[in-house]
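Asker: Next input, structure requested:
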Amino acid sequence: MEKAGFWAAMSLVRNIALVAVRRGADLNDVCRAVGVEPDTLDDPNARANLDQCIKAWEQALRYSGDPFLGLHLGDMTSPGLVGIVGYFMESSPDLLTAFQNLVQFKRLIDNAPSFTEIKGEEFSYHSNPYPLWTELSPETARHVVEHTIATIPHFVKLLCGKPIQPLRVHFAFARPRDTREYLRVLKTEPLFDQPSNCIVFRLSDMRLPLISHNPALNAIFKELLEKEMAKLSGSARFSDELRGVILKKFVSTIPQLPEVAEQLHVTPRTLQRRLKEEGATFQSVVESVKSELAIGMLKKPGLTVSEIAYKLGYMEPNVFRRAFKKWTGVSPKAYG
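Answerer: Numbering: from 1, shown residues only. Reported below is the predicted structural model:
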């Protein structure tokens, strides 16, 4: 079974990789750099891991030379890119339902954190990158966020037939020197250095009907998606779910057992019992996560072994070195 971590539908990676191809790159070279076979890009059931997603964006940025690539791609992306989830959105009765449907079935597209929120007379869509992505490649993580946020008003225009200006846009990253392109694409001046990445609309605007609403098709798409979600849930092990939560909660330190148990809506004792049923322990899962994080961080230029050790909770670099050799059979220096 594939390790629980970030993943995305291969169709998303294909869309990004083809940016490089359209700008003159050879498809085989791009696929080699990303770590996928060309045929895999067209496989509707294939998934890409975090490393492949990062490399696809790196290739697209390298060949396009576009400092606002995420914004520009988002401004031309259609719901069809995400397959049946997109068609389910298009056949929904109104914008609000369409975006709630997107969040409900987004786990079929990727497992990055996202949610919708209604506060008073405002509707917001929140999208934050997978924490390890931000840690390993902050530049591509920023483009992913900008792509997602720019996609929302473009979807709105396609779905209801007219543009709707957002009230606000929040970005968690620092304000760039020039924000004119953000204003042009998003139709509002974003706020930067915010707690979360989100786009906010009037709730009344989100109640507008969709031009392609079709109750019969909507019911068919919903049934298909529910079956796919059932398959996804049925194939998951509790230890894999735990790994995913630890990776999502990782910012600068590994979360502790009580915090993770609360996130999974179980008691610490129940968490330990369910792991035991699978022949695992909390510590063994944590060690596996630390191994994945360490390998990822060693690929990131500029981080020393001591810095990686500290981020993973080791007070002494030598303790980390011994643990890493136990995980991989080689020292961090030899691996890097």
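
Asker: What's the local residue count around residue 274?
Answerer: Residue 274 has 17 neighbours, counted by other Cβ atoms under 10 Å. All C-beta atoms are positioned from the backbone trio N, CA, C, and that covers glycine.

Asker: likewise residue 137?
Answerer: Residue 137 has 23 nearby residues by other Cβ under 10 Å.

Asker: For the closest residue to it other than its chain neighbours, give me its contacts.
Answerer: Nearest non-adjacent residue to residue 137, counting by Cβ to Cβ, 6 or more residues apart in numbering: residue 54, 4.7 Å away. By Cβ atoms under 8 Å, 6 or more residues apart in numbering, the contact list for residue 54 reads 133, 136, 137, 140.

Asker: next one: residue 189
Answerer: Residue 189 sits next to 179, 182, 183 when contact means Cβ under 8 Å, 6+ apart.

Asker: before we move on, back to that, can you mark which positions in the host helix or strand of the residue nearest to residue 137 are buried?
Answerer: Per DSSP states H and E, residue 54 falls inside helix 50-64. By 16 or more other Cβ atoms under 10 Å, the buried positions in helix 50-64 come out as 50-61, 63-64.

Asker: Of the contacts of residue 54, which is the nearest to residue 108?
Answerer: Proximity of the contacts of residue 54 to residue 108 (Cβ to Cβ) peaks at residue 133, which lies at 19.2 Å.

Asker: Contacts for the worst-scoring helix or strand of the chain on mean pLDDT next, please.
Answerer: In the chain, no helix or strand scores lower on mean pLDDT, DSSP states H and E than helix 238-249, which sits at a mean of 79. Here helix 238-249 makes contact (Cβ under 8 Å, 6+ apart) with 1, 3-6, 111, 113, 130-132, 254-255, 259-260, 263-264, 271, 274-275, 277-278, 280, 282, 285-286, 288-289, 292-293.

Asker: same deal with stretch 73-88?
Answerer: 9, 11-12, 15-16, 19, 44, 89-90, 101-102, 105-106, 108-109, 146-152, 154-155, 158-159, 185, 217-218, 221-222, 224-225, 228.

Asker: Restricting to C-alpha, output the least confident helix or strand of the chain in CSV.
Answerer: Presented in CSV, the C-alpha positions along helix 238-249 are these (Å, rounded to 0.1, in the frame of the first residue of the first chain):
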residue,chain,number,x,y,z
PHE,A,238,-6.2,3.7,10.5
SER,A,239,-2.4,3.9,10.6
ASP,A,240,-2.4,5.5,7.1
GLU,A,241,-5.0,8.0,8.3
LEU,A,242,-2.9,8.8,11.3
ARG,A,243,0.2,9.3,9.1
GLY,A,244,-1.8,11.8,7.0
VAL,A,245,-2.9,13.7,10.1
ILE,A,246,0.6,13.9,11.5
LEU,A,247,1.9,15.2,8.2
LYS,A,248,-0.9,17.8,7.8
LYS,A,249,-0.3,19.0,11.4
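
Asker: same for the first helix or strand past it going along the chain, what does it pack against?
Answerer: Following helix 238-249 in sequence order, the next helix or strand is helix 257-263 (DSSP H and E). With contacts taken as 3 or more Cβ pairs under 8 Å, 6 or more residues apart in numbering; DSSP states H and E, helix 257-263 sits against helix 238-249, helix 268-277.
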